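Chemist: build me a model from this:
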Amino acid sequence: MSDGLESLRQTIERADAALVVGSAAAPTVYPTGFDPLDTYLGGGLRGGELTLIGGAQGVGKTTFALQVLRNVVAAGGNALYFSYEHDSETLLTKIIGIEAAHQTFGAGFDGITMRQLREVLENAGADTRSLRERIVRLPGGASAIDAVYGYGDRFQIVRAATTGTDLATIRRHLLGFARGHFGPHSIVVIDYLQKVVVPTVQPIVEDERVTLIVEGLKDLALEFSVPVVAIVAANAEGIAPGARLRIHHLRGSTALGYEADVVLLLNEKFNVVARHHLVYDVGNADRFKSYIVLSLEKNRSGIAGVDLEFRKRFDQGHLEAVGDLVPERLLDERIFTE
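Modeler: Prediction:
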């Protein structure tokens, strides 16, 4: 990325030069693998764009992000995951669970549970068999571990530290990733934004920190022409009982809403459905508790204000990838507009 001028004619010539050799003249689009979310996103996440995923603790932000990464690498792409929250073994457990669910989808039985995988990796019985030998008899186990081995080199994890992993460190990893053998087709996830380090001589308030971070992540997306996805924490108001999380509930600066190209917010369906759906049909309560609502609150490249529902399968570490528009009325609140 350069601060230099470029005429529109130069831009056309650069686009032509790419097209005549069979290359793309626009940033790559990466399907998330969630239907119908990709339809509303115009195909998926775009290179050069910053996507924010917000939600309360435990609603499935990391699970959703990991499923997107799994879908990208399984389709031949590359993933770079900055984890301030989880170690590599925990992430491996989640990815194997997600893969097993994918492998068993439509086969008439459930995938491996997170409890089964944790027991395998914790190895309380000092079993000396290999990982594959130990999960081969579990539903989808053999095909799942084989698939993860197959794309494992293209799924890179950085164990980020709140004592030193700042924007400059993230950029150095991106440079190394881009110059390596992984190729240009990559997606980057930051888990999570508020933990990115901002080196300063004097202490600064969180709003200022978050502004610097979100602006820096947007610059990195543009510089490397990759989708950057950042998981974002919510403030106390946004996770209060009965509240529906909106962009202004994301913890930190209003720059979060303005810098991002796409904002996806996750809510527990039971918490945000209009109350008359519960009052007149008490049987809805348990059903609603089995779903999250994924709201496409901001979308520079397409339609926003879309509420989708996906079924939770957190015992198996994933969300069902085929959802639908929410048929019920949700709690009313102003949607972000630019």
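Chemist: list the buried residues for the helix or strand hosting R9?
Modeler: When elements are defined using DSSP states H and E, R9 is found to belong to helix 8-19. Neighbour-count burial for helix 8-19, with 16 or more other C-beta atoms under 10 Å as criterion, is recorded at no position. Backbone N, C-alpha and C define where each C-beta goes, glycine included.
Chemist: export it as PDB, just CAs?
Modeler: Presented in PDB, the C-alpha positions along helix 8-19 are these (Å, rounded to 0.1, in the frame of the first residue of the first chain):
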ATOM      1  CA  LEU A   8      -7.800   6.400 -13.000                       C
ATOM      2  CA  ARG A   9      -6.100   5.400 -16.300                       C
ATOM      3  CA  GLN A  10      -3.300   3.800 -14.400                       C
ATOM      4  CA  THR A  11      -5.900   1.900 -12.400                       C
ATOM      5  CA  ILE A  12      -7.500   0.600 -15.600                       C
ATOM      6  CA  GLU A  13      -4.200  -0.400 -17.000                       C
ATOM      7  CA  ARG A  14      -3.300  -2.200 -13.900                       C
ATOM      8  CA  ALA A  15      -6.600  -4.100 -14.000                       C
ATOM      9  CA  ASP A  16      -6.100  -4.900 -17.600                       C
ATOM     10  CA  ALA A  17      -2.600  -6.300 -16.900                       C
ATOM     11  CA  ALA A  18      -4.000  -8.600 -14.300                       C
ATOM     12  CA  LEU A  19      -7.000  -9.800 -16.500                       C
END
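Chemist: what average pLDDT does whichever helix or strand comes after that helix get?
Modeler: Moving toward the C-terminus from helix 8-19, the first helix or strand encountered (DSSP H and E) is strand 29-30. Averaged over strand 29-30, pLDDT sits at 92.
Chemist: put the alpha carbons of the next helix or strand after strand 29-30 into CSV.
Modeler: In the C-terminal direction, the helix or strand that comes right after strand 29-30 (DSSP H and E) is helix 37-40. Output of helix 37-40 as CSV, limited to C-alpha atoms (Å, rounded to 0.1, in the frame of the first residue of the first chain):
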residue,chain,number,x,y,z
LEU,A,37,-25.3,-15.4,5.1
ASP,A,38,-23.0,-15.6,2.0
THR,A,39,-25.9,-14.6,-0.2
TYR,A,40,-26.4,-11.4,1.7
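Chemist: helices or strands next to helix 37-40 in the packing?
Modeler: For helix 37-40, the elements it packs on are strand 291-299, strand 306-313, judged by 3 or more C-beta pairs under 8 Å, 6 or more residues apart in numbering; DSSP states H and E.
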